[in-house]
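Engineer: got a sequence here, can you build the structure:
(chains A and B)
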Amino acid sequence: MSKTIPTRLTQSILEFCRFARTNGLSTGVKETIDSLDAVQTIGIASRETLKFAFRAILCSSKEEWELFDDLFEAFWKKTEFGPHLTHKQSKPETSAPESKTAMMLRGQPDGARPGEDGGQAVWGASAHERLRKTDFSQIQQNDLPALEEISLRLLKQMSLRLSRRLKTMKSRTQVDLRRTIRRNISRGGDPIELHYKEKKLQQSHLVILLDISGSMNPYSLFLVRFAYALQKHFKRVDTFLFSTQLAEITGALKTQRLSNALQALSLQAAGWSGGTKIGESLRDLGLLRGKRLLTRNTLLIVLSDGWDTGEPEILATELAIIKRRVRKLIWLNPLLGMEDYQPITRGMSAALPHIDVFAPAHNLESLLQLEKHLKYI
Amino acid sequence: MPISPQLPKSKETPNTDVIVSGFEQLGYIIDQALAVTIYLAMKLGKPVLLEGHTGLGKTEVAKVLARFLSARLIRLQCYEGLDVNSAVYEWNYQKQLLAIKIQEGTNKTVEEKEKHIFGRDFLLERPLLQSISAEDASPILLVDEVDRADEAFDAFLLELLSDFQISIPEMGTIKARHIPYVVLTSNRSRELSDALKRRCLYHWIDYPSFEKEMKIVRTKLPGIEEQLSAQLVHFVEAVRQLKLTKPPGVAETLDWAQALMALGQDRLDVDVVEATLGCLSKSVEDTSTIKTEGVEKILENFVIG
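Structural biologist: Below you'll find the model as predicted:
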């Protein structure tokens, strides 16, 4: 049932694939070739069938699926464009873009070889990707629910992944039957030498301190979601807010509904005055709850930009003390997300020598990067 | 039960209309879009990834496809921690130990003994290996709820779907004689690896339209009263608009319809709905959400009298 496609149609199909990619679908060389194959087998009699075929080939998620109809109509009918589409669409040109696509198909170094997985998610700036990379302080009101949903989902998945590498310690270990037999064939099968399944170690305790003074507020609110999602993985997650004083919010995060917890926190935070005393807050932490909280199994995360109105000496001292007690000290600074940032403020430079991991936390992407630091404790 | 006699064996692919009517005859209402996806999958030799919420008939598609093509269905149910032993193969250890014991008295060398106990007789074939070992015709491989397995499994699956061969260290490489038709289902509890998603043809299965759901109910439960079926489908649609943690799928609609029929109902009323809410709502929170909204209020919209 194979038909040869007229060349004009082939060109249009290539254009359409390119159009899809510009508008957020992760369409690569492979998908383009599949589209051409599909048209050969289905034929061009039914517009609807073609649309279904392209949709199955070019989409790979629900979000892309829902965008697709508009994309298809927009391209093949050339009517006005829906709200999802960018303004910089590629109009069907007949010169340069065409040869570029032809080049790609022939396998010129454009990052892909034919038949191989050519498309990269980074080519399409889909909403999903964009939201992951948007700085928390820049999020638009109407993007907020989408970002919420995405972050909760991704953070939960991260938590789940971390749980799988979970290390539990039991006094008895299990015999690995497979390996035992393999190694004992020469002994006539009698399991003389036993091999055990490896059992692993204890999981740990997470303590998070969030700076909620002025500029830090939007970042801290997002990190609360981070803390909330990680509760599944860590044996204990204790979360504190601080600016001039320290406040524990661990209990609030244990509720079923994250939205309630966040509401309560916003109200609480609003009542605090300006200025941050990081050192003092850390000292309070050590005094109040240090014994239970700051132990060998603890992973301490501090989110702050380091603008300290207290004495930097105090900050340095307290951090040194804490550093000796806990397993790992992670300092998250949203300013690290900015290109030219140098940690030269008194607070930050005092803190640096004591920090194990110094990382940004300005968007969802950077939060997800933390996974590697949480993995091996 | 079998479809039109002109359906050939696995060599030729039936066109989309034949697929639609064939599936309907087997009791599965399929829309044109999904038929196109299935057709393309067979023609282009690509696996199909069906994503969607629970209870919408994703697994059913594979089962019906197997019946439609008169092919064997091999099912791999994925779960967290699924590993090679459960998915691909495992050695029959007890049998091997026994064989070693039996061979003890003989004069065979260690190498010969080893070769013997690592033969095909001692191999327990799990679904993935079964799918490429078919002797006579291409089977349907259903990898159900692949989102419950992990990324390592995604990578393994991807490799399998590219080469359709499996390497067993003690035995060598086994290549597929008949490439299986592969259907993956996912409830989207995790984002599948990009490479795997793009290897497949994708299809998002959404909640059905009113007409489609009615048709499904009438097909599966031929004896049902028209008024009842219309009302209950309206009700389920309304319930799906509420913010439930587990919105009811088509499977729940059918359960409910059966329950109502068993109770001898020919229409809905507040009492019977409240009594049978358990068919639709699968948690305490959901039930209370529905009740807070008000069963009566929902019914008012489409029940007269």
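
Engineer: stretch A:222-235 vs chain B: in contact?
Structural biologist: No - on the criterion C-beta under 8 Å from any C-beta of the partner chain, stretch A:222-235 is out of touch with chain B, staying 13.0 Å away. For glycine as for every other residue, the C-beta is placed from the backbone atoms N, C-alpha and C.

Engineer: so which bits of that stretch are buried?
Structural biologist: A:222-231, A:233-234 (16 or more other C-beta atoms under 10 Å in any protein chain shown).

Engineer: kindly report the same for stretch B:242-258.
Structural biologist: With burial defined by 16+ other C-beta under 10 Å, the residues of stretch B:242-258 counted as buried are B:244, B:247-250, B:252-257.

Engineer: closest to residue B:169 out of those residues?
Structural biologist: Set against residue B:169, the nearest of the buried residues of stretch B:242-258 by C-beta to C-beta is residue B:249 (42.5 Å).

Engineer: report the contact partners of the closest one.
Structural biologist: Applying C-beta atoms under 8 Å, 6 or more residues apart in numbering or on different chains to residue B:249 gives the contacts B:53-56, B:207.

Engineer: which phi and psi does it have?
Structural biologist: phi -100, psi -170 (degrees, to the nearest 10).

Engineer: helix or strand: which one has the nearest residue to it once chain neighbours are set aside?
Structural biologist: Counting by C-beta to C-beta, 6 or more residues apart in numbering or on different chains, residue B:55 is the residue found nearest to residue B:249 once chain neighbours are left out, at 2.2 Å. Assigned by DSSP states H and E, residue B:55 falls within no helix or strand.

Engineer: surely residue B:55 touches residue B:255?
Structural biologist: No - counting by C-beta atoms under 8 Å, residue B:55 does not reach residue B:255; the two are 9.3 Å apart.

Engineer: now stretch B:84-98: mean pLDDT?
Structural biologist: The average of the pLDDT scores along stretch B:84-98 is 86.

Engineer: now do it: everything it contacts.
Structural biologist: A:177-178, A:181, A:189, B:76, B:117-118, B:121-129, B:153, B:156, B:166, B:168.

Engineer: which of these fall in strands?
Structural biologist: Counting by DSSP state E, the contacts of stretch B:84-98 place B:76, B:123-125, B:166, B:168 in strands.

Engineer: what residues does the stretch 1-150 of chain B put near chain A?
Structural biologist: Selection of the stretch 1-150 of chain B residues close to chain A by C-beta under 8 Å from any C-beta yields B:16, B:32-33, B:36-37, B:39-40, B:43-44, B:46, B:49, B:51, B:80-81, B:85, B:91, B:93, B:96-97, B:100-101, B:104, B:110, B:113-114, B:117, B:150.

Engineer: could you rerun that using 6 Å?
Structural biologist: B:33, B:36-37, B:40, B:43-44, B:93, B:97, B:100-101, B:104, B:110, B:114 (C-beta under 6 Å from any C-beta of the partner chain).

Engineer: just those residues now: which is nearest residue B:291?
Structural biologist: Residue B:291 has its nearest neighbour among these in residue B:33, at 36.4 Å by C-beta to C-beta.

Engineer: now the strand or helix carrying the closest one: average pLDDT?
Structural biologist: Assessed by DSSP H and E, residue B:33 sits inside helix B:32-44. With pLDDT averaged residue by residue, helix B:32-44 scores 94.

Engineer: just the CA trace of it, in CSV.
Structural biologist: C-alpha atoms of helix B:32-44 as CSV (Å, rounded to 0.1, in the frame of the first residue of the first chain):
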residue,chain,number,x,y,z
GLN,B,32,-10.9,6.4,14.9
ALA,B,33,-7.8,8.0,16.4
LEU,B,34,-6.8,5.0,18.4
ALA,B,35,-7.5,2.7,15.5
VAL,B,36,-5.1,4.9,13.4
THR,B,37,-2.4,4.6,16.1
ILE,B,38,-2.8,0.9,16.3
TYR,B,39,-2.7,0.6,12.5
LEU,B,40,0.5,2.7,12.3
ALA,B,41,2.1,0.7,15.1
MET,B,42,1.6,-2.5,13.2
LYS,B,43,2.6,-1.1,9.9
LEU,B,44,5.7,0.8,11.1
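
Engineer: tell me the buried residues in that helix?
Structural biologist: So for helix B:32-44, counting by 16+ other C-beta under 10 Å, buried means B:33-44.

Engineer: what does that helix contact?
Structural biologist: Residues from elsewhere that reach helix B:32-44 (C-beta atoms under 6 Å, 6 or more residues apart in numbering or on different chains): A:37-38, A:41, A:49, A:52-53, A:56, B:13, B:16, B:19-20, B:48, B:201, B:203.

Engineer: any chance of a markdown table for the residues you listed, columns distance to residue A:132, pLDDT and neighbour count?
Structural biologist: A markdown table is the format used below for the contacts of helix B:32-44 (distance: C-beta to C-beta, whole Å; pLDDT from 0 to 100; neighbours: other C-beta atoms under 10 Å in any protein chain shown):
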| residue | distance to residue A:132 | pLDDT | neighbour count |
| --- | --- | --- | --- |
| A:37 | 33 | 91 | 18 |
| A:38 | 31 | 91 | 25 |
| A:41 | 37 | 87 | 17 |
| A:49 | 35 | 89 | 20 |
| A:52 | 30 | 93 | 26 |
| A:53 | 30 | 93 | 27 |
| A:56 | 26 | 95 | 30 |
| B:13 | 40 | 73 | 19 |
| B:16 | 38 | 88 | 23 |
| B:19 | 39 | 93 | 25 |
| B:20 | 40 | 93 | 21 |
| B:48 | 28 | 96 | 24 |
| B:201 | 26 | 95 | 26 |
| B:203 | 25 | 96 | 25 |
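
Engineer: among the residues you listed, which two are most distant?
Structural biologist: A:37 and B:20 (22.1 Å).

Engineer: ok now the helix or strand containing residue B:86, how far from the chain's centre?
Structural biologist: Per DSSP H and E: residue B:86 is located in helix B:84-87. On the basis of C-alpha atoms, centre = their mean, to the nearest Å, helix B:84-87 sits 19 Å off its chain's mean C-alpha point.

Engineer: same deal with stretch A:360-373?
Structural biologist: 6 Å.

Engineer: how about that stretch: buried residues?
Structural biologist: Buried residues in stretch A:360-373 (16+ other C-beta under 10 Å): A:360-364, A:366-368, A:370.

Engineer: ok, and of those residues, which contact chain B?
Structural biologist: Okay, of those, nothing touches chain B (C-beta under 6 Å from any C-beta).

Engineer: quick one: contacts for residue 13?
Structural biologist: With no chain named, the answer covers chain A. Applying C-beta under 6 Å, 6+ apart, the residues contacting residue A:13 are residue A:35.

Engineer: the chain in question should be chain B.
Structural biologist: Counted by C-beta under 6 Å, 6+ apart, residue B:13 has contacts B:42-43.

Engineer: quick one: low-confidence ranges for chain B?
Structural biologist: B:1-12, B:304-305 (pLDDT under 70).

Engineer: looking at it, what residue ends up closest to chain A?
Structural biologist: residue B:100 (3.3 Å; C-beta to the nearest C-beta).

Engineer: quick one, phi psi at that residue?
Structural biologist: According to degrees, to the nearest 10, residue B:100 has phi -60, psi -40.

Engineer: quick one on the thing from earlier: redo the buried residues of stretch A:360-373 as CSV? Include pLDDT.
Structural biologist: Shown next, in CSV, are the buried residues of stretch A:360-373 (pLDDT from 0 to 100):
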residue, pLDDT
A:360, 87
A:361, 84
A:362, 83
A:363, 83
A:364, 83
A:366, 84
A:367, 82
A:368, 81
A:370, 82
